[in-house]
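*Asks:* Quick one, what's the 3D model for this:
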Amino acid sequence: MLTPPDIAPDAVQACLAETYGLQAARAEFLPLGADIDSAAFRIETPDGRVHFLKLRRGGFNAAVVDVPAFLHHTQGIDAVMAPLPTLTQQLSVQVHGFDWALYPFFDGADGFTRTPTDGQWTALGTALNAIHRTTLPEPLLATLPRESYSHHWREGVRGYQRRFVNGVAGDDLVKRFLAFWDAHDEEIDSLIYRSEQLASILLEKSLPQVLCHSDLHAGNVLLGDGDRLCIVDWDTLILAPKERDLMFIGGGVGGVWNQPREEALFFQGYGKKEAVDALALAYYRHERIVRDLLEFCDQMFDAQASRDDREEGLRQMASQFEPGNVVAVAHRDYDAIT
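*Replies:* Numbers count the residues shown, from 1 in each chain. I've put the predicted structure just below:
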């Protein structure tokens, strides 16, 4: 969310005092990410301590706080950011139409703005391997969705395609959006078709499913000094083939993390690259693009989305088709398996 939610600063401070016993001297809104249903704040206390507050609205699943806490505290995976408990030992609280979760503040920058060191690449591989090897307790396992290779995203984009054929009225952003879409319509068709084709093959393969973060792009890996790193934003947890996460390493998301040397360092920590299923990797890279396209469409035509959020969505959509970004990588992967 790039614009602050309609919650007064003193209401934020009051909630933190009541639920966490935290006296906040300052609550600073952080314009982060393209998700219009999530808001972030930097919280500073009078004694100089700093925390990170995340607010989510709509469809909250407690697993997004319970699983990271299990990974960090029970499994000892320090790279996983775990939420702090409330005064009543809850990991989240619902107030003002949002689910609130408080975290320690990690002093660093994300992978889009800071290049991982060699040590951080290997540490990321080690951490992800540990996550994928984790066996969750049955009560936690039961709360997680499982990969089904759903047609939801593909059909959603096709629905917009049909809508666009009949013409859509809107402001200047809508006109720019439609012009870009029209210029790439055939390529979008190809991405949808290939995603569907690969999904039908994977349905027959029955690959093993593991615990996946499922949104492990550079923006969700924070990098600090001394090879420290932290994996954040566990909102889209799923049980899926390991390639669901591995697609981000070398996937070109945001035009980064696509160098062979970086992949080699990552797999030093993760394990054998030869064990990666190339077809599953290609599927997830195609499906991610299709999913993003649907979210960009939803955002562009969302009456509640701010102009800043819609403008950022359009920028991100256009960037996906730039050389070296996700569309180019998906084409390369498909050509390699056919």
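*Asks:* Which helix or which strand is home to F41?
*Replies:* strand 38-44 (DSSP states H and E).
*Asks:* outside of that strand, which residues touch it?
*Replies:* Contacting residues not belonging to strand 38-44 are listed as 1, 4-5, 12, 16, 22, 24-30, 32-33, 50-57, 98, 102, 105, 235 [C-beta atoms under 8 Å, 6 or more residues apart in numbering]. C-beta: built from backbone N, CA, C; applies to glycine.
*Asks:* now stretch 157-176
*Replies:* With C-beta under 8 Å, 6+ apart as the test, stretch 157-176 has contacts from 177-178, 181-182, 185, 188-189, 192, 290, 293-294, 297, 300-301, 307, 310-311, 314.
*Asks:* buried stuff in the helix or strand hosting Q316?
*Replies:* Q316 is located in helix 307-319, with elements delineated by DSSP H and E. Across helix 307-319, burial judged by 16 or more other C-beta atoms under 10 Å covers 309-310, 312-314, 317-318.
*Asks:* same question, stretch 42-52
*Replies:* For stretch 42-52, using 16+ other C-beta under 10 Å, the buried residues are 43-44, 51-52.
*Asks:* give me the number of residues near the closest residue to T143 other than its chain neighbours?
*Replies:* Nearest residue to T143 in three dimensions, chain neighbours excluded: A63, at 4.3 Å (C-beta to C-beta, 6 or more residues apart in numbering). Neighbour count for A63, taken as other C-beta atoms under 10 Å: 20.
*Asks:* how about A63, what does it touch?
*Replies:* Contacts of A63 (C-beta under 8 Å, 6+ apart): 140, 143-144, 237.
*Asks:* Which of those are buried? Put it as a ChimeraX command.
*Replies:* Here is the ChimeraX command that picks out the buried ones among those, judged by 16+ other C-beta under 10 Å:
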select :140,144,237
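*Asks:* Which of the contacts of A63 fall within strands?
*Replies:* For these, not one is inside strands, with DSSP state E as the criterion.
*Asks:* then the strand holding F41 to CSV, C-alphas only?
*Replies:* C-alpha atoms of strand 38-44 as CSV (Å, rounded to 0.1, in the frame of the first residue of the first chain):
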residue,chain,number,x,y,z
SER,A,38,-1.4,-4.4,3.3
ALA,A,39,0.0,-1.4,5.1
ALA,A,40,3.3,-1.1,7.0
PHE,A,41,4.5,1.2,9.8
ARG,A,42,7.8,1.9,11.5
ILE,A,43,7.2,2.1,15.2
GLU,A,44,9.6,3.9,17.5
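*Asks:* next helix or strand past it?
*Replies:* Strand 38-44 is succeeded, C-terminally, by strand 50-56 (DSSP H and E).
*Asks:* Three-state assignment for the residue nearest the centre of the chain, please.
*Replies:* Nearest to the geometric centre of the chain sits D215, at 3.3 Å (C-alpha atoms, centre = their mean). Under the three-state scheme (DSSP: H, G, I helix; E, B strand; the rest coil), D215 adopts coil.
*Asks:* Touching, it and D235? I think so.
*Replies:* Yes. Using C-beta atoms under 8 Å, D215 is in contact with D235, at 7.2 Å.
*Asks:* Low-confidence ranges, this protein, go.
*Replies:* 1-2, 33-35 (pLDDT under 70).
*Asks:* how's it carved up into domains?
*Replies:* Under the assignment named as automatic domain parsing, the residue ranges that make up the domains of the chain are 9-105, 118-337.
*Asks:* in the stretch 1-150 of the chain, which spans are helices?
*Replies:* Using DSSP state H, counting those that start in this stretch, the helices assigned to the stretch 1-150 of the chain run over residues 9-20, 63-69, 118-132, 138-141.
*Asks:* Tell me how far V157 lies from I289.
*Replies:* 10 Å (C-beta to C-beta, to the nearest Å).
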